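Enquirer: using only what follows, build the 3D model:
(one chain, ligands or ions: 3)
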Amino acid sequence: METRRSFIKKGVIIGAAVCLPAAIGRESLASYPDLKTRHPKKALVLWYSQTGQTSRYARLIGCILKDRGLAVDVRDMQEFDKNGLANYDLIVVGTPTFYYDTPDNVRDWLQAIPLIPGTPVAAFVSFGGPEGNQHNAATHILKLLIEKGGVPVGRDAFRNIPSYPTPKWNTANQISGQHLPNAATYDQVRRFAADVLERITRGQTIAVGYEIALREGLRVLPLIWLNKKAISKHTVDAGKCIGCQTCVKKCPTKAINPSRQTVDRDKCLACFGCLNNCPADAVVMEYRGERLYGFPEYLRRNKIVILEPPEFKACKL
Ligand SMILES: Cc1cc2nc3c(=O)[nH]c(=O)nc-3n(C[C@H](O)[C@H](O)[C@H](O)COP(=O)(O)O)c2cc1C
Ligand code: SF4
Ligand code: SF4
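Expert: Ligands and ions are numbered 1, 2, ... in the order given. Next up is the predicted model:
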């Protein structure tokens, strides 16, 4: 049986051929509005996160900014009122990399925000590797913020344990990323936050452009659609479901209805948020006939404990 990896690999060649030329030489020389302040007092770190990696980095960034004297809010973007963005002197947005890009729901959310002229903005992504075009997903977020008048002051990508489920969770990629994030990852996050602040103080911006990467080509493929075709079963086991509504809260498109055991396959983005967050193993998903199990169960079976940054002991964000 063809694995998901080989299935996707086939697409890379076509995708790269179509897309690579477009990814080359797109470094932006744009000029931006004046920064609204070089002495930020209030920062917002917004995150979208399915399995906790991105929100962990967001909290750490918040802790670093707080330690430098800023008032900081760290919020789930799905619960944040977009009209509140004008209250901040710095906006940092973080998301996972899904299907080689920014998740569709995050893109839609950012396209709908009001103007934020002159506000310093920074973007980061978490990703499960292998390293490739993930910086371009962060660039994508930054460009959406720039379209709204934001001024780019930072961009980065942090690698960690992947949350993309496969029937046995034993691909080379899954195994090689199991020990991440580590101390070096958190140092990278600290540097990112410190650099963002320093650039604002100096009135500096960063260049925003897509980088050359073979995986960039995969963005043009209908990966979500292809994976949805390969998901042969997606329902809820009424016998196991405890009615906690976690899947409903995590689903970015309101596609799942656990009380009716249904999933609206048209709305579903194949993000695995329901499977990866169900505490009762009640979300039934099969990939080409093979049962998938979620991220918490994967951690439990492999005795994986994700490292927390030491800052969290004192910093309560
Ligand atoms: C649906 C899905 C698609 C993914 N696609 C990619 C990808 O294209 N590239 C990558 O490096 N990681 C990919 N990953 C791994 C995630 O980016 C990574 O696990 C991320 O840190 C999860 O963040 P979260 O815990 O905040 O949800 C994917 C994970 C999922 C669930
Ligand atoms: S139903 Fe689909 S879109 Fe909703 S959380 Fe599950 S996989 Fe994601
Ligand atoms: S997360 Fe799991 S247990 Fe909770 S309502 Fe959804 S399917 Fe049921």
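
Enquirer: show me what contacts Pro222?
Expert: The neighbours of Pro222, taking Cβ atoms under 8 Å, 6 or more residues apart in numbering as the test, come to nothing; the list is empty. C-beta coordinates here come from the backbone N, C-alpha and C atoms, glycine included.

Enquirer: how near is the closest residue to Pro252 other than its chain neighbours to Tyr164?
Expert: With sequence-adjacent residues excluded and distances taken as Cβ to Cβ, 6 or more residues apart in numbering, Pro252 is closest to Asn105, at 3.8 Å. According to Cβ to Cβ, to the nearest Å, Asn105 and Tyr164 sit 17 Å apart.

Enquirer: re earlier: may I have whichever strand or helix holds the residue nearest to Pro252 as CSV, with CA atoms only?
Expert: Element membership of Asn105, judged by DSSP states H and E, is helix 104-111. Taking only C-alpha atoms (Å, rounded to 0.1, in the frame of the first residue of the first chain), the coordinates of helix 104-111 have been written out as CSV:
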residue,chain,number,x,y,z
ASP,A,104,-6.3,28.2,5.8
ASN,A,105,-8.3,29.3,8.8
VAL,A,106,-5.4,31.5,10.0
ARG,A,107,-5.0,33.1,6.6
ASP,A,108,-8.8,33.8,6.5
TRP,A,109,-8.6,35.3,10.1
LEU,A,110,-5.8,37.6,9.2
GLN,A,111,-7.4,38.7,5.9
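
Enquirer: each with direction, which strands does the next helix or strand after it pair with?
Expert: Heading C-terminal from helix 104-111, the first helix or strand you meet, by DSSP H and E, is strand 120-127. For strand 120-127, the paired strands and their directions (DSSP bridges) read strand 90-96 (parallel), strand 151-159 (parallel).

Enquirer: for the longest one, give the mean pLDDT please.
Expert: Right, the one you point to is strand 151-159. Average pLDDT, strand 151-159: 98.

Enquirer: same question for the first one.
Expert: Mean pLDDT, taken over the full extent of strand 90-96, equals 98.

Enquirer: when you scan it, is anything in it near ligand 1?
Expert: Yes: in this structure, strand 90-96 sits against ligand 1 according to Cβ under 6 Å from any ligand atom; the contacting residues are Pro96.
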